[in-house]
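In: What follows is a predicted structure for the sequence shown.
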Protein chains: 2
Amino acid sequence: MTDIKESPLSRKLQVFVALSEDELGVLKRLHLRRRSFVAGRDLVHQGQSDQAVYILADGWVCSYKLQPDGTRQIVDFQIPGDFLGLRSVLLRTSDHSFEPVTDIQAAEVFADDLLEAFEKTPRLAAAILWAASRDEAMVVEHLAGVSRRAADARMAHFLLELGARLKLVGMESKKGYVCPLTQYHLADALGLRSVHVNRVLRQLRESGLLTLRDGRVTFDNYDGLVKLSGFDPAYLDQTGPLLK
Amino acid sequence: MTDIKESPLSRKLQVFVALSEDELGVLKRLHLRRRSFVAGRDLVHQGQSDQAVYILADGWVCSYKLQPDGTRQIVDFQIPGDFLGLRSVLLRTSDHSFEPVTDIQAAEVFADDLLEAFEKTPRLAAAILWAASRDEAMVVEHLAGVSRRAADARMAHFLLELGARLKLVGMESKKGYVCPLTQYHLADALGLRSVHVNRVLRQLRESGLLTLRDGRVTFDNYDGLVKLSGFDPAYLDQTGPLLK
DNA sequence: CGCGACGTTGATGTCAGTCAAGAGGGGTGG
DNA sequence: CCACCCCTCTTGACTGACATCAACGTCGCG
């Protein structure tokens, strides 16, 4: 990336805080150590011994937890601009794994460097913590969705939420976005079986609500989706203290 | 409480770190400002304007999120020794509400006092952050349970987890514990309807696994419950760095 | 060409929701 | 003291959403 202002992370943060040249400089230095990982091979991130965080620059990742019975629950997806393992620095984290959904590029940041950056630029720290707390809120919303919404509404809500997140980093066009997730990923995230994911997607397509084909989500009837799913982006939009 | 060592919070923390007299003193000072709340009336805790945290001393609380359709999802329960609103100090928190399940007693702590205590006694801070990260892990586990476990296993897992938590603060006896939750609370937490909670409880009772009657959980066959639910307390037992 | 990953579809089963009714207990007001 | 209500718990009959089982299609790749 030639200009740090165009990196997904700073695009996201700048929606909420105008960053100074100084802060952008610190952000840029955090991006120096670039690494790649291939799709499917777990990024083992064992909170303790490995004191590093990654800033995802390109590609998608999922964080999941394996169940005793062999099924897995995908807790969240990470898209460009998201942190991997941030909580394991702030808090001692729980034991979930990261799997790159696609080949990815990420910047590796050592915990000490991150904490030093936080001290030097408190506004940047606040912005990053804001993003982290938004991730928290998404996990809670995810729980509520799996617990309380029917399969079609759950799917619609999930894809709308992803769209809203991608919009922040400039990866959503007018009415849809590129989405590399397989139906298995969707199933593992939404608490469904892949066969049923398939049926739900067909039903949504035939109702003229949305189309997911060839790795691309198209919203055919955005308002209809919002209505079906009860999507309310309030929990993503937490503006407020950071604007001051 | 006459001796701070006997407070639920310090009992919990001392399972993992031996606290010095100094640290116990700091902990004691955090407990000075005592407040009571009655069952059922929400503790509005609006992260921003109200910069306080509570340490629950007596009684049970649930934290929940209201859905657009009127149903609610209980995200977690708090028992004595747990913090209310800790995350809203560490991170800017998401918007869920707290409802006391019973009449409660809690110590009010101002954010500044807490942060000062953290600076003075880093080991105490580490212990409290450990507890917070355990809460994180429980939300993830909760998501996995609602998403992947059948109703009976979900119920069993939930009640086993509560038992393990209560044990840390000395509120679990050999084979059960006092549990003030109604079947509506259980339904709102587990993603079931209260009628079905009732049926599941009957089934567990008739299988000789557990009994929930008159506000008391009795484990009639602990090993059977563990087997049914796949309960693995690993995510609660995070020992490790704090022992050093 | 064969294999594995992903997607699609149908038939059938079952777990949990819905609807409905009632019982016990505690609180409140007449 | 009784009458009434509300909250919680209980049970039964029926329904339906999602799972299960089983095939088959398609595409990319070694």
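Out: Perfect, thanks for sending it.
In: Where do the strands of chain A begin and end?
Out: Using DSSP state E, the strands assigned to chain A run over residues A:34-37, A:52-58, A:61-66, A:72-78, A:83-84, A:97-100, A:104-110, A:172-173, A:176-178, A:210-213, A:216-219.
In: mind listing what's buried in the lengthiest helix in chain A?
Out: Criterion DSSP state H: the longest helix present in chain A is helix A:122-148. Within helix A:122-148, the residues scored as buried using 16 or more other CB atoms under 10 Å in any protein chain shown are A:123-148. Any C-beta I mention is one placed from the backbone N, CA and C, and that applies to glycine too.
In: Wondering if it reaches chain B at all.
Out: Yes: using CB under 8 Å from any CB of the partner chain, we find that helix A:122-148 touches chain B at A:129-130, A:132-133, A:136-137, A:139-144, A:146-148.
In: what's the farthest-apart pair in these?
Out: Distance extremes for these: the farthest pair is A:L129 and A:R148 at 28.5 Å, using CB to CB.
In: returning to that earlier point: can you lay out the strands of chain A as JSON lines showing distance to B:Q203 and mean neighbour count?
Out: Shown next, in JSON lines, are these (distance: least, CB to CB, whole Å; neighbours: other CB atoms under 10 Å in any protein chain shown):
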{"stretch": "strand A:34-37", "distance to B:Q203": "46", "mean neighbour count": "14"}
{"stretch": "strand A:52-58", "distance to B:Q203": "45", "mean neighbour count": "21"}
{"stretch": "strand A:61-66", "distance to B:Q203": "27", "mean neighbour count": "20"}
{"stretch": "strand A:72-78", "distance to B:Q203": "25", "mean neighbour count": "22"}
{"stretch": "strand A:83-84", "distance to B:Q203": "42", "mean neighbour count": "22"}
{"stretch": "strand A:97-100", "distance to B:Q203": "34", "mean neighbour count": "19"}
{"stretch": "strand A:104-110", "distance to B:Q203": "46", "mean neighbour count": "20"}
{"stretch": "strand A:172-173", "distance to B:Q203": "47", "mean neighbour count": "16"}
{"stretch": "strand A:176-178", "distance to B:Q203": "45", "mean neighbour count": "17"}
{"stretch": "strand A:210-213", "distance to B:Q203": "39", "mean neighbour count": "17"}
{"stretch": "strand A:216-219", "distance to B:Q203": "41", "mean neighbour count": "17"}
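In: mind putting those strands in a markdown table, mean pLDDT and distance to B:R29 included?
Out: Putting these into a markdown table (pLDDT from 0 to 100; distance: least, CB to CB, whole Å) gives the following:
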| stretch | mean pLDDT | distance to B:R29 |
| --- | --- | --- |
| strand A:34-37 | 93 | 46 |
| strand A:52-58 | 93 | 34 |
| strand A:61-66 | 95 | 38 |
| strand A:72-78 | 97 | 37 |
| strand A:83-84 | 94 | 35 |
| strand A:97-100 | 93 | 41 |
| strand A:104-110 | 94 | 36 |
| strand A:172-173 | 90 | 50 |
| strand A:176-178 | 96 | 52 |
| strand A:210-213 | 96 | 56 |
| strand A:216-219 | 97 | 54 |
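In: tell me which parts of chain A are close to chain B?
Out: Counting by CB under 8 Å from any CB, chain A sits next to chain B at A:48, A:65, A:67-69, A:71, A:73, A:75, A:87, A:90-96, A:129-130, A:132-133, A:136-137, A:139-144, A:146-148, A:190-191, A:230, A:232, A:234-235, A:238, A:240-241.
In: just those residues that are near DNA strand D?
Out: By CB under 7 Å from any atom of the strand, the members of these lying near DNA strand D are A:G191.
In: circling back to that earlier point, can you state the direction angle for the longest helix of chain A and strand A:61-66?
Out: If you take axes from the mean of the first three to the mean of the last three CA atoms, to 10 degrees, helix A:122-148 sits at 50 degrees to strand A:61-66.
In: so, in contact with DNA strand C or not, helix A:122-148?
Out: No: residues of helix A:122-148 contacting DNA strand C under CB under 7 Å from any atom of the strand: none, with a closest distance of 8.8 Å.
In: Specify the angle between that helix and strand B:72-78 in degrees.
Out: If you take the same axes, to 10 degrees, helix A:122-148 sits at 120 degrees to strand B:72-78.
In: picking up where we left off before, which stretch among the strands of chain A comes nearest DNA strand C?
Out: strand A:210-213 (6.5 Å; CB to the nearest atom of the strand).
In: Next, the buried residues of the helix or strand bottoming out on mean pLDDT in chain A.
Out: Ranking every helix and strand in chain A by mean pLDDT, DSSP states H and E puts helix A:87-90 at the bottom, with a mean of 76. For helix A:87-90, a neighbour-count test (16+ other CB under 10 Å) marks A:R87, A:S88, A:V89, A:L90 as buried.
In: Alright, that wraps it up for me.
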